[in-house]
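Novice: All I have is the shape, not the residue letters:
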């Protein structure tokens, strides 16, 4: 039982990091960045390149992957979102634009690494276990859980206590009014995409380290889960996204224990449906535009 709970918290932590980045862009700009799963995948492959090609250790590859994916997020906004935003294009146009970027990036990665599963070079990823009674735990998963919680606390502090956080909340409330109040809107948007993509890339690296496997479409299954987490927690609510991630993680592990394996994805859809029926605004959803 302890091992299953441990696995649920680990899965929930990965979902939370991924969904936080997904929800951050939505909460500030009211758009769905459908390229976010590609950022997740890109983070893992950047780490693979740094370790496998450049020969650098994992603790160097990790921050490099986070930095590069964060910068990719800024570039993504400049290419896929900013031109449409300036023309006042509908949200659907932005979603299609982000999907186009996804197809391009995935294809480029497949040209370099192929479409099959890849592993890191032997011994390049830290692996250790510890025992508590009869239960055996993987140390890297515990480290991932701790790191995820710390990062979520830091993000909460930044959004609630810093000038950048106040700028983002003002932008989420009313972009025109924020600009009139002196908020550097372009800087705030760039920061939003940087943080969002950095979190997504970090989640990809951590999951690849934990399972020692990656492929060009590894982010696709998380897109449904991120959307489910956002709906369960409340669209645009970052604390709600974290709560929804752990609820989904616990539910998926429970479904694997007590139900056939094939019903794992059905649980995600069922949870989404149940929340939409019983509480359309989600656990922490609210009608106010101040969602950050």
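Specialist: That came through fine. These numbers come from a predicted model, not from an experiment.
Novice: where do the strands sit along the chain?
Specialist: Taking DSSP state E, the strands of the chain run over residues 129-132, 135-138.
Novice: Of all the ones you listed, which one is nearest residue 39?
Specialist: Residue 39 lies closest to strand 135-138 among the strands of the chain, at 25.3 Å (Cβ to Cβ). The way it works is simple: take the backbone N, C-alpha and C, and place the C-beta from them, glycine included.
Novice: in that closest one, what counts as buried?
Specialist: Buried residues in strand 135-138, counted by 16 or more other Cβ atoms under 10 Å: 137, 138.
Novice: so what's residue 118 up against?
Specialist: 48, 213, 214, 215 (Cβ atoms under 8 Å, 6 or more residues apart in numbering).
Novice: if you set the cut-off to 10 Å instead, what comes out?
Specialist: When contacts are counted by Cβ atoms under 10 Å, 6 or more residues apart in numbering, residue 118 touches 44, 45, 48, 52, 208, 212, 213, 214, 215, 216.
Novice: which among those gets closest to residue 196?
Specialist: The closest of the contacts of residue 118, once distances to residue 196 are taken by Cβ to Cβ, is residue 44, at 16.8 Å.
Novice: Please name the nearest non-neighbouring residue to residue 61.
Specialist: Sequence neighbours aside, residue 50 is the residue nearest to residue 61 in space, at 3.8 Å (criterion: Cβ to Cβ, 6 or more residues apart in numbering).
Novice: How many neighbouring residues does that neighbour have?
Specialist: Neighbourhood size, residue 50 [other Cβ atoms under 10 Å]: 21.
Novice: Same check on residue 43?
Specialist: Residue 43 has 33 nearby residues by other Cβ under 10 Å.
Novice: Spit out the contact partners of the nearest residue to residue 106 once chain neighbours are set aside.
Specialist: Spatially, and ignoring its direct neighbours in sequence, residue 106 is nearest to residue 216 (5.3 Å; Cβ to Cβ, 6+ apart). Counting by Cβ under 10 Å, 6+ apart, residue 216 makes contact with 38, 41-42, 44-45, 105-118.
Novice: Residue 143 - how many residues pack around it?
Specialist: Residue 143, neighbours per other Cβ under 10 Å, totals 15.
Novice: still on that earlier bit, who wins on neighbours among the contacts of residue 118?
Specialist: residue 44 leads those on contacts (other Cβ under 10 Å) with 29 neighbours.
Novice: Pretty sure it sits against residue 206.
Specialist: Yes - Residue 44 lies in contact with residue 206 (Cβ atoms under 10 Å); the separation is 8.9 Å.
Novice: shared neighbours of these two, anything?
Specialist: Shared contacts of residue 44 and residue 206 (Cβ under 10 Å, 6+ apart): residue 65.
Novice: follow-up on the earlier one: just the ones in helices from the contacts of residue 216, please.
Specialist: In this view, the contacts of residue 216 that belong to helices under DSSP state H are 38, 41-42, 44-45, 105-113.
Novice: Using a markdown table, please lay out the residues you listed together with pLDDT.
Specialist: Conversion of the ones in helices among the contacts of residue 216 to a markdown table gives the following (pLDDT from 0 to 100):
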| residue | pLDDT |
| --- | --- |
| 38 | 94 |
| 41 | 95 |
| 42 | 96 |
| 44 | 96 |
| 45 | 96 |
| 105 | 93 |
| 106 | 93 |
| 107 | 93 |
| 108 | 93 |
| 109 | 94 |
| 110 | 93 |
| 111 | 93 |
| 112 | 91 |
| 113 | 92 |
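Novice: Return the member of those residues nearest to residue 230.
Specialist: Nearest to residue 230 out of the ones in helices among the contacts of residue 216 is residue 38 (Cβ to Cβ; 17.8 Å).
Novice: returning to that earlier point: what is the most widely separated pair among the contacts of residue 118?
Specialist: Using Cβ to Cβ, the contacts of residue 118 span at most 16.5 Å, a distance reached by 212 and 216.
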